[in-house]
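K.L.:
I'd like to go over a predicted model; first the sequence, then the structure.
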Amino acid sequence: MKQDKRAFWDTSALLPLFCRDPFSTRSRELLRKYSTIVVWWGTPVEIHAALSRLQREGRLTTEGVQNVLSLVAELRLRWREILPVDRVRQLAEESCLRYAIRSADALQLAAALVWCNERPKARNFICFDEQLLGAARAAGFTVHSS
């Protein structure tokens with residue numbers, strides 16, 4: 001049986017691809033295995049916010065941020081974004097209550113559910129955030145973490 005190379009990637013798993021992190025090796029491993037990347041429409045905003053935080057903390061220089069953004073732009077050319085349609089919002093609202101997760105996590109999970117037509121069984125979800133990971137597992141995804 002051929003392995004499904006597609007996976008929904010949360011920002012928490014994408015960021016270590018670009019910034020040195022304890023999870024960088026694992027992220028690269030998963031990218032080799034699940035090279036067809038699906039993300040939520042808001043993921044680039046989350047990446048920018050994380051880079052801004054790393055810069056404020058002195059962990060990235062301005063030049064470092066620009067280098068990462070160039071790498072992100074390259075990867076964006078090949079990933080698929082789930083757009084902010086009404087069904088994403090509806091599923092996110094339900095997910096907040098069902099899984100007791102934050103709004104950004106609910107939007108990530110809802111986008112993943114829209115991607116798989118709300119049939120998460122045997123669909124890959126890559127995430128390094130424990131709360132979102134638990135919700136994705138409870139929703140029925142095959143989860144991959146750090």
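P.N.:
Received the coordinates, thanks.
K.L.:
low-confidence stretches in the protein?
P.N.:
Along the chain, the parts satisfying pLDDT under 70 run over 1-2.
K.L.:
which residues of it fall in strands?
P.N.:
Along the chain, counting by DSSP state E, strands occupy 6-9, 36-40, 80-82, 124-126, 142-144.
K.L.:
just tell me which of those strands ends up closest to residue 103.
P.N.:
Proximity to residue 103, assessed across the strands of the chain by CB to CB, is greatest for strand 36-40 (12.0 Å). For glycine as for every other residue, the C-beta is placed from the backbone atoms N, C-alpha and C.
K.L.:
show me what the closest one is packed against.
P.N.:
Packing partners of strand 36-40 (3 or more CB pairs under 8 Å, 6 or more residues apart in numbering; DSSP states H and E): strand 6-9, helix 11-18, strand 80-82, helix 103-115.
K.L.:
returning to what we had before: tell me which of the strands of the chain is the most buried.
P.N.:
strand 124-126 (a mean of 27; mean count of other CB atoms under 10 Å).
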